[in-house]
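1. this one's sequence-less:
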């Protein structure tokens, strides 16, 4: 009887540790916000293929899990927004069906000068000293 209780206690402790071992990281697939975090500090972006765990409104240098804080539409004060994205240096750093993209220096220089050509946007890494040169996005 005592050994049964010991086994049950061990099994319960193991089940408590399992979610930590399987924790999703920035850029992982998901189907709901709770897949990314039970602490409500990450969201599941379902507009991305297979879902994408991210943190909206990130501060530069503050993304967890080797993520990079990316400013999208940096050329537009009204549209500008930041998200934590999975950092990468090559396509092989990204999950299946995703690729590594880098900022478009031409679009970003144009935006610094006040003009972006139609169809172009300036998306850039907001981190001041990033470890990665790009971020993972769905391959098209």
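-> That came through, no problem. All values reported here derive from a predicted model rather than from experimental measurement. Numbers count the residues shown, from 1 in each chain.

2. For stretch 69-88, could you pull out the residues that count as buried?
-> Buried residues in stretch 69-88, counted by 16 or more other CB atoms under 10 Å: 69-72, 74-75, 82-88. C-betas here are computed from N, CA, C, even on glycine.

3. Confirm for me that residue 40 is in contact with residue 33.
-> Yes. Shown here, residue 40 and residue 33 form a contact pair, counting by CB atoms under 8 Å, at 7.1 Å.

4. In terms of neighbours, single out the busier of the two.
-> Of the pair residue 40 and residue 33, residue 33 is the one with more neighbours under other CB atoms under 10 Å, namely 17 against 9.

5. What separation is there between the more buried one and residue 69?
-> Here the criterion is CB to CB, to the nearest Å. By it, residue 33 lies 19 Å from residue 69.

6. what's the answer for residue 52, then?
-> Separation of residue 52 from residue 69 (CB to CB) stands at 15 Å.

7. Which parts of this protein are helices?
-> In the chain, the segments counted as helices under DSSP state H are 2-21, 33-36, 105-112.

8. hey, least reliable of these by pLDDT?
-> Mean pLDDT is lowest for helix 2-21 among these, at a mean of 47.

9. And the buried residues of stretch 69-88, which is closest to residue 137?
-> Lowest distance from residue 137 to these (CB to CB) belongs to residue 85, with 7.5 Å.
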